[in-house]
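# this one's sequence-less:
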């Protein structure tokens, strides 16, 4: 009877060591996920990983514009009366972040909060041709004048 108990303990110990080893191998094969940014309009929330992110290191200046022009495939509809809520991972907020509308900075200073609300009308204001139908919005994490990450969203005007 004691031999059966010892064999059972060895088997469980070997299984535990195997599971830990498999877990470590699986984790080492994965890329570290980027921090997330979200946009919420009403009850609709879309979340995106970074279009460009260098694990907290600065992205080359010549690449940042290309990152902002990338299509995220993340689109949310909003009417002119809606409020658009932007949320960022605390890691992004610690460094500071700003919003770009169609590749142009919409703010003078970086925001260090994890959340903010902006009226949708600010994103669809048009020039002589009237209100825009779609607007590319980028959240850019920036520290000391260097971009650390770029998250892209598309806002589509709802009639």
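Structure received. The model shown is predicted, which means the values in this text are computed figures rather than measured ones.
# determine the longest strand present in the protein.
strand 146-157 (DSSP state E).
# so for that one, what gets flagged as buried?
By neighbour count on 16 or more other C-beta atoms under 10 Å, the buried set for strand 146-157 is 147-155, 157. For glycine as for every other residue, the C-beta is placed from the backbone atoms N, C-alpha and C.
# which of those residues sits closest to residue 35?
For the buried residues of strand 146-157, the residue nearest residue 35 by C-beta to C-beta is residue 149; the value is 7.1 Å.
# wait, what's in contact with that closest one?
Neighbour list for residue 149: 34-35, 50, 52-54, 59, 92, 140-141 [criterion: C-beta atoms under 8 Å, 6 or more residues apart in numbering].
# neighbours of the closest residue to residue 95 other than its chain neighbours, how many?
Once flanking residues are discounted, residue 95 sits nearest to residue 143: 4.3 Å by C-beta to C-beta, 6 or more residues apart in numbering. Using other C-beta atoms under 10 Å, residue 143 has 14 neighbouring residues.
# before we move on, back to that, list the strands paired with the longest strand of the chain, with their directions.
strand 52-53 (antiparallel), strand 75-78 (parallel), strand 134-143 (antiparallel) (DSSP bridges).
# pLDDT value on the residue nearest to residue 95, please?
Looking at residue 143, its pLDDT reads 82.
# can you pull up the bridge partners for it?
Those that pair with residue 143 in a beta bridge, by DSSP bridges, are residue 146.
# coming back round to it: now, which of the contacts of residue 149 sits nearest residue 81?
Using C-beta to C-beta, residue 140 is the member of the contacts of residue 149 that lies nearest residue 81, at 27.0 Å.
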